[in-house]
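Asks: Kindly return the folded structure for what I paste below:
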Amino acid sequence: MLEKDHYLSWGTSSGGVAAGRIEIGAAVMFNPDDFIKRIDDGKQALLISKPRKHLEHWITSANSKEAELNTLQAFRAFVDARSH
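Replies: Numbering: from 1, shown residues only. A predicted model of the protein is given here:
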């Protein structure tokens, strides 16, 4: 889900890990002013930046076995509270 200042993903793992099949999420938060074009074709999201020497971003993750961030809704609320 490409939002104004972050990209968030949530899905089920393949089960090829020691923990078995679990739901996992990831988010990348960024400054939207750093980008001149955004493309989301449903399979991938592309952010094309302005010419820069440096870009800052914050990456975070969660999974369904965590006590507080164990659903898409909880993870989205966590990311939304930190991204604006």
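
Asks: contacts and neighbour counts: CA atoms only from here.
Replies: Fine.

Asks: Can you pull out the low-pLDDT segments for this structure?
Replies: Within the chain, the segments meeting pLDDT under 70 span 16-19, 84.

Asks: In this protein, mark out all the strands, start to finish.
Replies: 6-12, 23-30, 35-40, 45-49, 57-63 (DSSP state E).

Asks: got the CA positions of the third one in PDB?
Replies: Taking only C-alpha atoms (Å, rounded to 0.1, in the frame of the first residue of the first chain), the coordinates of strand 35-40 have been written out as PDB:
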ATOM      1  CA  PHE A  35      10.400  12.300  -4.900                       C
ATOM      2  CA  ILE A  36       9.200  13.600  -8.200                       C
ATOM      3  CA  LYS A  37       7.300  10.600  -9.500                       C
ATOM      4  CA  ARG A  38       5.400   7.700  -7.900                       C
ATOM      5  CA  ILE A  39       4.300   4.600  -9.800                       C
ATOM      6  CA  ASP A  40       2.300   1.700  -8.400                       C
END
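
Asks: Give me the sheet partners of that strand and which way each runs.
Replies: Its sheet considered, strand 35-40 pairs with strand 45-49 (antiparallel) by DSSP bridges.

Asks: can I have the strand it pairs with written out in PDB, keeping just the CAs?
Replies: The C-alpha trace of strand 45-49 is given here as PDB (Å, rounded to 0.1, in the frame of the first residue of the first chain):
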ATOM      1  CA  ALA A  45       5.900   0.500  -6.300                       C
ATOM      2  CA  LEU A  46       8.500   2.800  -7.700                       C
ATOM      3  CA  LEU A  47       9.600   6.100  -6.200                       C
ATOM      4  CA  ILE A  48      11.700   8.300  -8.400                       C
ATOM      5  CA  SER A  49      13.700  10.800  -6.400                       C
END
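
Asks: Next, the angle from it to strand 6-12.
Replies: Put simply, strand 45-49 runs at 160 degrees to strand 6-12, going by axes from the mean of the first three to the mean of the last three C-alpha atoms, to 10 degrees.

Asks: Fine by me, thanks again.
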